[in-house]
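K.L.:
from the sequence below, what's the structure:
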Amino acid sequence: MTSLYWHTLGSGSVDLVLLHGWGLNAGVWSCIEARLSPHFRLHLVDLPGYGRSQGYGPLSLGEMAREVAARAPERAWWLGWSLGGLVAAEVALAQPERVAGLITVASSPRFSADGDWPGIKPEVLTGFGLQLGQDFHRTVERFLALQTLGTDSARQDARRLKQVVLAHPLPPVSVLTGGLDILRTADLRASLDAFDLPLLRLYGYLDGLVPRRAAALLDQRWPRSRGVVMPKAAHAPFISHPDLFCQYIIDFAGG
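P.N.:
I've put the predicted structure just below:
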């Protein structure tokens, strides 16, 4: 039996669904809940198969988006970090009438490098998938460390991410491998070309997983959206720079 973890809090009048990244769970938002909850009704979700959302096998991007959207309030804003950005974008593309706007954080419509498109080399993502079966914990730790690399608070931020992972049930290897497959194969660039809902894209200048060059390319490709590169942040800007991060969210979606 499947069970999707969904927790709602906050006293604001605007609904905001928050989707975490690969390997993690909704506990990753604990550092910004207090800042955002006066402005929003926050809906904290563990993606299917992650954390407290138990009983799921690996899902496709579309299946994951449908599973999460089924629990969501009407006309919510959707915020997705990394893999969660792909899921939130898929929800907005499939059910735009139910979405007020989209915020992606350290995310990309295509994570894999492709010709002139900057991203993670596909063989690196494939390698992580192979390593999961050999040394599960070490592979997850390496991926978490990559997300904070370069920031002034890198070690502290990596410890925080590791604490979030260990605080709740770990995803099965099959679910993590399925998530890596989504990161390796998904490409929403063309689908989002005609996207006409409000769209904010937040990036870290030091991000080694979503290069800032992708932000510049999307500024040109999607001129109706807003792209912001946070100068001293990496892949988890809400952890390294929570106050500035939350101000962007409040200014854009807080009504």
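
K.L.:
any chance you could map the strands in the stretch 51-200 of the chain?
P.N.:
Secondary structure of the stretch 51-200 of the chain (DSSP state E, counting those that start in this stretch): strands located at 76-81, 99-105, 199-204.

K.L.:
in JSON lines: those, plus distance to residue 173.
P.N.:
The way it works is simple: take the backbone N, C-alpha and C, and place the C-beta from them, glycine included. Listed next are the strands of the stretch 51-200 of the chain as JSON lines, based on distance: least, C-beta to C-beta, whole Å:
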{"stretch": "strand 76-81", "distance to residue 173": "22"}
{"stretch": "strand 99-105", "distance to residue 173": "26"}
{"stretch": "strand 199-204", "distance to residue 173": "28"}
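
K.L.:
contacting residues around stretch 7-21?
P.N.:
For stretch 7-21, the surrounding residues in contact (C-beta atoms under 8 Å, 6 or more residues apart in numbering) are 26, 28-29, 33, 36-47, 50, 68, 72-73, 75-85, 87-88, 100, 106, 147, 249, 253-255.

K.L.:
quick check: mean pLDDT of that stretch?
P.N.:
The average of the pLDDT scores along stretch 7-21 is 97.

K.L.:
for the remainder of this discussion, apply numbering that starts at 15.
P.N.:
Noted, 15 is the first residue going forward, which turns the last one into stretch 21-35.

K.L.:
from the chain's centre, how far out does stretch 187-206 sit?
P.N.:
12 Å (C-alpha atoms, centre = their mean, to the nearest Å).

K.L.:
sorry, back to before: so which of the contacts of stretch 21-35 are in helices?
P.N.:
47, 50, 82, 97, 98, 99, 101, 102, 161, 263, 267 (DSSP state H).

K.L.:
which residues pair with the nearest residue to the last one once chain neighbours are set aside across the strands?
P.N.:
Beyond its immediate neighbours in the sequence, the residue positioned closest to residue 267 (C-beta to C-beta, 6 or more residues apart in numbering) is residue 91, lying 4.5 Å away. Residue 91 has the following beta-bridge partners by DSSP bridges: residue 30, residue 115.

K.L.:
please identify the buried residues of stretch 205-219?
P.N.:
By 16 or more other C-beta atoms under 10 Å, the buried positions in stretch 205-219 come out as 206, 209, 212, 213, 214, 215, 216, 217, 218.

K.L.:
so the second one makes contact with residue 106?
P.N.:
Yes: with contact taken as C-beta atoms under 8 Å, residue 209 and residue 106 are classed as touching, separated by 7.2 Å.

K.L.:
tell me, what's touching the two both at once?
P.N.:
residue 116.

K.L.:
tell me the one of the buried residues of stretch 205-219 nearest residue 132?
P.N.:
Set against residue 132, the nearest of the buried residues of stretch 205-219 by C-beta to C-beta is residue 217 (11.7 Å).

K.L.:
which residues does the closest one contact?
P.N.:
Here residue 217 is in contact with 120, 224, 226, 228, 229, 241, 242, 243, 244, 247, 251 (criterion: C-beta under 8 Å, 6+ apart).

K.L.:
the second one in helix, strand or coil?
P.N.:
In this case it means residue 224. Of the three states, residue 224 takes coil under DSSP: H, G, I helix; E, B strand; the rest coil.

K.L.:
does it touch residue 120 like I think?
P.N.:
Yes: assessed by C-beta under 8 Å, residue 224 is found in contact with residue 120 at 5.3 Å.

K.L.:
show me the common contact partners of those two, please.
P.N.:
96, 217, 218, 249.

K.L.:
distance of residue 221 relative to residue 227?
P.N.:
In this view, residue 221 and residue 227 are 11 Å apart by C-beta to C-beta, to the nearest Å.

K.L.:
now for the worst-scoring helix or strand of the chain on mean pLDDT, which elements pack on it?
P.N.:
Of all helical and strand segments in the chain, the minimum by mean pLDDT, DSSP states H and E falls on helix 150-162, at a mean of 84. Helix 150-162 sits against helix 136-148, helix 168-180, with contacts defined as 3 or more C-beta pairs under 8 Å, 6 or more residues apart in numbering; DSSP states H and E.
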